[in-house]
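Engineer: predicted model and sequence follow; I will ask about them next.
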Protein chains: 2
Amino acid sequence: MTTPPLSRRDLEFLLYEWLDVESLTTRARFQEHSRDTFDAVLALSADIATKHFAPHNKTADATEPTVGADGKVITIPETKKALEVFAQAGLFAGSFGEDLGGMQLPTSVMRASIAWFQAANAGTSGYPFLTVANANLLVAHASEDQIDAFVRPMLEGRFFGTMCLSEPQAGSSLADISTKAVEQEDGSYRLSGTKMWISGGDHEISDNIVHLVLAKIPGGPSGVKGISLFIVPKYLLDDAGNPGERNDVALVGLNHKMGNRGTTNALLNFGDGSYSPGGRPGAVGYLVGQPHHGLSYMFHMMNEARIGVGFLATALGYAGFLQSVDYAKTRTQGRNQSAMERSDKPIPIIAHADVKRMLLAQKSYVEGALALGLYCSKLVDEQDTADDTQVRDQKTLLLDVLTPIAKSWPSQWCLRANDLAIQVHGGYGYTRDYDVEQFYRDNRLNQIHEGTHGIQGLDLLGRKMSMQDGAGLEALVSTIQATVDRARHTGGEASDLAKSLDEATEQVRNITRSLLEAMDRAEALANSSIYLEAVGHVVIAWMWLEQFLVAASKEGDFYAGKRQAARYFFRYELPTTAAQFDLLATRDRTTLDMNPAWF
Amino acid sequence: MTTPPLSRRDLEFLLYEWLDVESLTTRARFQEHSRDTFDAVLALSADIATKHFAPHNKTADATEPTVGADGKVITIPETKKALEVFAQAGLFAGSFGEDLGGMQLPTSVMRASIAWFQAANAGTSGYPFLTVANANLLVAHASEDQIDAFVRPMLEGRFFGTMCLSEPQAGSSLADISTKAVEQEDGSYRLSGTKMWISGGDHEISDNIVHLVLAKIPGGPSGVKGISLFIVPKYLLDDAGNPGERNDVALVGLNHKMGNRGTTNALLNFGDGSYSPGGRPGAVGYLVGQPHHGLSYMFHMMNEARIGVGFLATALGYAGFLQSVDYAKTRTQGRNQSAMERSDKPIPIIAHADVKRMLLAQKSYVEGALALGLYCSKLVDEQDTADDTQVRDQKTLLLDVLTPIAKSWPSQWCLRANDLAIQVHGGYGYTRDYDVEQFYRDNRLNQIHEGTHGIQGLDLLGRKMSMQDGAGLEALVSTIQATVDRARHTGGEASDLAKSLDEATEQVRNITRSLLEAMDRAEALANSSIYLEAVGHVVIAWMWLEQFLVAASKEGDFYAGKRQAARYFFRYELPTTAAQFDLLATRDRTTLDMNPAWF
């Protein structure tokens, strides 16, 4: 398999020709950087991903992690080796400050770098993905001592990180968590409780695992307002800062998943007495920041993880797209449908309109999703480094609104891309001799973890659109409208596309307002998943109009492909939102009125 | 897992309350039957499926068939045992005539019976599924001697059957097959060539395997007009009709699939000299019917297999639907969205509108698909036994038009049902501890085999709708219109639904005519997959209006559920066709104009 997992050309187009990431080098934080250093990181990432991550992708899938007789988790050695190369390249610390030994790269460049690894090997890329998000949270909210003790080793790739939210009785509903944290005389805490679905929850790949755990301090407020955040390392640190005594964090079992098998996923007991740190049971934990503010801290990591999930879905979709294009160019089958051109020899299947439809659909999904992911990453850079505070706040607002879409849209549509990649391969695509069936299995996870599809819908409509008196909605609509205006000035075909997008955006504005004004909250939110999907399609149409504008006057196959994919999205995809908006406008009650007894 | 794989209540509703299958007992062929005998067969099927097929469904998936050191295929013993019970119950011969030892059951009842096995265990049900279709072909086209020699043992479950069409260089394109059949002095043939994707292609479950093989007799016409059909048994029969000498049919390898692993899938060499029947290499084959008519004979089996694939997809969707309903009723999570009713305890997730949406969608897909499958099966009964020849021809015509939809629609939407079943289960649904991830993997095959999705679109628009000067189109439209008329006379809500269906059906008529009149065939067929999907949704809306009419005036949860699922389909699904029809009306050229170099 020599098809690259991602397109360097497309990344260059999006980062430089469209988002002008190079302009970030005028900001103080990025002043040591240049197009050259960005390119070097991306080339290095492509190289390591291709040479060290991609080759064991199938092996890791076929050899899922198991628990050995000694209770330790067994993973294939290739995973550890690949992550050592990743660490040696300094990529764990890519976006962190020089004070922490980092490269101080913009998030947008770093996301593009990580996408290479996600596309090459979803499972192995899960470990740094979580570790970096964990470290980012701690840099923002932890004490300096905590940062020195836990973040530095993570950025060197010696410790890995996790996020521990869900419990068996509380998946999406964090108000119901019951893990307890009791303060000790020395200011540390002892935790007890069970956490599940913990990605990277146990393994022997890194020297230590830094769990970030949500728990309740007895006597605190009830519900989500009583949640605090703790660092709970698998091994306590000795005086030299090295992993020492085993903490009371016990592996109960690993989950056996349909896909994404390279990342271990664990059920963990905290403080069940399996181990006795300091001579007695109880998982030692260290409070991060203030008590009872844990959920807001965790959302620092969660929001990053949601965008990361969107990238993972996109990367898997992209890898399948590129493989199916290559397959369709070499596989011959059938004849030209046009009688005028009927020939005797079978033609490459890429010549069939229906195959081109399946490839164009994939292209529009994966390149549209990648554009959105990088756009959001650029917003992170703006919120971190823009000179003007007002600009920063505006970028934060827009990022907040886009986050549920950046998570859910790729999870839905880049999975659809994988579905089409299988279909292009025909029977071969259904066999494990090719990669696309694994991408499809790996990708199916992304609608579930870090907040299900339904949770994203509630977040977008019930929280993000309504925040600051509808400022979220206006931030999104006015930003899209600015693109519409530019396209109108460009004229020609761009202005036709602008008209369609403008109408759809007006629909978003009107329907959102109407839903937010609804007296009956249950009725307003009943179709929030449909709302999420409709707004998502409008946002991706906007991403395509942006790309169309960059490509509009340029020559060559690459730009012609961008324009045709934009056309595809506007003709085949955007019009499907009409039926969704109609349904939302009527505040359809079919689901609300369904009586469970009728099933 | 105690959730039944299928709903007996729904089958009774569809067969008796809607299709009035009981009325078939007035026909000569079915006169020995009654509602009691039908019920007995269905109860027996449910019982055997639940007790003997369902229990090894996961085991068969986890223990995929392998080739042993002796070159023989190893499958788990439970498969063979289950099929012995199936055979002992006489189910291989269920729909065959008493002259062949069969029960002479209507196809509609037999399909419902088989659906139990498909829902319980897709892999194991593949063997009888193919064997029965093979036997049906031979009964229609083979000589009496051939029927005695091969069909009788198949109906006793001693021999299994396959269909061998595809070759490595010719998947969907049968004109390109190169397997050769050379006539011998004794009137038999010797075949040589390679066939792939052969389900049930090799195994040790039955005493013999009856391959039906498409091959070309040298000197015949080129392309599809030179294809002949041969019986090629794995073992030649001795004088007593028992399997004797090994024929020259060699297993090259088994495919390793994403799902549907219980059915072996093989690459077979015919006549490569691995064996020497009669002292010399070459696979001995027996010509079925006339030379060069093989493809039309094979389509007898293919059409049956296509409807069977639709049933398989439906059955898998149904099993997942029922499991997710049960899960949603017992799993608690979150609170009621309506502030008025906020309570302290988590509620069963089936109370959330978004979960009800996912369950209603599944219900509308799987019950709509099952209705279509049984409707088509009843058409088979009508074409076989209706008194009036004209009626028979009409039913045949309608069946021909509906076949690509009965194959493709469930393959697409009951897979979507499985996707939603996973989503309802959350993280659990992604693990192999539950069944729904396997259903999803098993079901993905159905858009590929027995003619891909794209092939069905070309068949529907390019062949079925245009045949007999548009008679296919008119047969479909007028039959739907008859339902519309009945619904209008019923009045009330039925007449609202009728109005929507009527408008959509008019769209089908107008757009089909316009496409069939198009001068540019490539342009007309460019979006045939979209056409297939749009017409499919209209057909399923029709199936829902039919069900709504039966349920309209009846009381109880079951009928209320039918009415609500009909509403769901008309409000959430049928409106999505508008964008598809708009696209088709413009004869969109986006895919045609896409240059492969632009990817």
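Structural biologist: Noted; the coordinates are in hand.
Engineer: in chain A, which helix or strand is least confident?
Structural biologist: Lowest by mean pLDDT, DSSP states H and E among the helices and strands of chain A is helix A:521-525, with a mean of 92.
Engineer: distance between that one and the chain's centre?
Structural biologist: 28 Å (Cα atoms, centre = their mean, to the nearest Å).
Engineer: isn't residue A:369 up against residue A:537?
Structural biologist: No. At 11.7 Å, residue A:369 does not count as touching residue A:537 under the criterion of Cβ atoms under 8 Å. Every residue, glycine included, has its C-beta placed from N, CA and C.
Engineer: any shared contact partners between these two?
Structural biologist: Here residue A:369 and residue A:537 share the contacting residues residue A:409, scored by Cβ atoms under 8 Å, 6 or more residues apart in numbering or on different chains.
Engineer: of these two, give the one with the bigger neighbour count.
Structural biologist: Remark: of residue A:369 and residue A:537, residue A:369 carries more neighbours, 28 against 22, as counted by other Cβ atoms under 10 Å in any protein chain shown.
Engineer: and stretch A:2-13, which residues are buried?
Structural biologist: Buried residues in stretch A:2-13, counted by 16 or more other Cβ atoms under 10 Å in any protein chain shown: A:4-7, A:10-13.
Engineer: among those, which are in helices?
Structural biologist: Under the assignment DSSP state H, the buried residues of stretch A:2-13 contribute A:10-12 to helices.
Engineer: return the member of the residues you listed nearest to chain B.
Structural biologist: Using Cβ to the nearest Cβ, residue A:10 comes nearest to chain B of those, at 11.4 Å.
Engineer: and the closest residue to residue A:462 other than its chain neighbours, what does it touch?
Structural biologist: Nearest-residue entry for residue A:462: residue A:525, 5.6 Å, with adjacent residues in sequence omitted and distances by Cβ to Cβ, 6 or more residues apart in numbering or on different chains. Contact analysis of residue A:525 by Cβ under 8 Å, 6+ apart lists A:458, A:461-462, B:337, B:353.
Engineer: who wins for neighbours among these?
Structural biologist: Most surrounded of the contacts of residue A:525: other Cβ under 10 Å gives residue A:461, at 26 neighbours.
Engineer: helix, strand or coil for that one?
Structural biologist: Following DSSP: H, G, I helix; E, B strand; the rest coil, the label given to residue A:461 is helix.
Engineer: what does residue A:196 give?
Structural biologist: When classified by three-state DSSP, residue A:196 comes out as strand.
Engineer: before we move on, back to that, of the buried residues of stretch A:2-13, which pair is most distant in space?
Structural biologist: A:5 and A:13 (17.1 Å; Cβ to Cβ).
Engineer: residue A:403 is in contact with residue A:303, isn't it?
Structural biologist: Yes. In this structure residue A:403 lies within contact range of residue A:303 using Cβ under 8 Å: 5.5 Å.
Engineer: who's more crowded, those two?
Structural biologist: More neighbours surround residue A:403 than the other of residue A:403 and residue A:303, with 24 against 21 (other Cβ under 10 Å).
Engineer: residues contacting residue A:147?
Structural biologist: Residues in contact with residue A:147 (Cβ under 8 Å, 6+ apart) are A:100, A:138-139.
Engineer: and the helix or strand where residue A:297 lies, how far out from the chain's middle?
Structural biologist: Residue A:297 belongs to helix A:294-330 when assigned by DSSP states H and E. Its chain's C-alpha centre and that of helix A:294-330 lie 5 Å apart, by Cα atoms, centre = their mean.
Engineer: repeat for stretch A:455-466
Structural biologist: With Cα atoms, centre = their mean, you get 18 Å for stretch A:455-466.
Engineer: so residue A:281 sits in a strand?
Structural biologist: No. Residue A:281: not assigned to a strand; according to three-state DSSP it is coil.
Engineer: for chain B, see how far away it is.
Structural biologist: 28 Å (Cβ to the nearest Cβ, to the nearest Å).
Engineer: isn't residue A:396 up against residue A:381?
Structural biologist: No. Between residue A:396 and residue A:381 there is no contact under Cβ under 8 Å: 11.9 Å.
Engineer: the two: which has the busier surroundings?
Structural biologist: Neighbour totals were compared for residue A:396 and residue A:381, and residue A:381 leads with 24 against 17 (other Cβ under 10 Å).
Engineer: show me the contacts for the closest residue to that one other than its chain neighbours.
Structural biologist: Closest residue to residue A:381 apart from its sequence neighbours, by Cβ to Cβ, 6+ apart: residue A:106 at 4.6 Å. Residue A:106 sits next to A:21, A:24, A:30, A:33, A:38, A:95, A:377-378, A:381 when contact means Cβ under 8 Å, 6+ apart.
Engineer: and if you look at residue A:346?
Structural biologist: Taking Cβ under 8 Å, 6+ apart, one finds A:332-335, B:169, B:173, B:176 in contact with residue A:346.
Engineer: what subset of these is buried?
Structural biologist: Judged by 16+ other Cβ under 10 Å, buried ones among these: A:332-335, B:173, B:176.
Engineer: low pLDDT regions in chain A?
Structural biologist: A:1, A:337-343 (pLDDT under 70).
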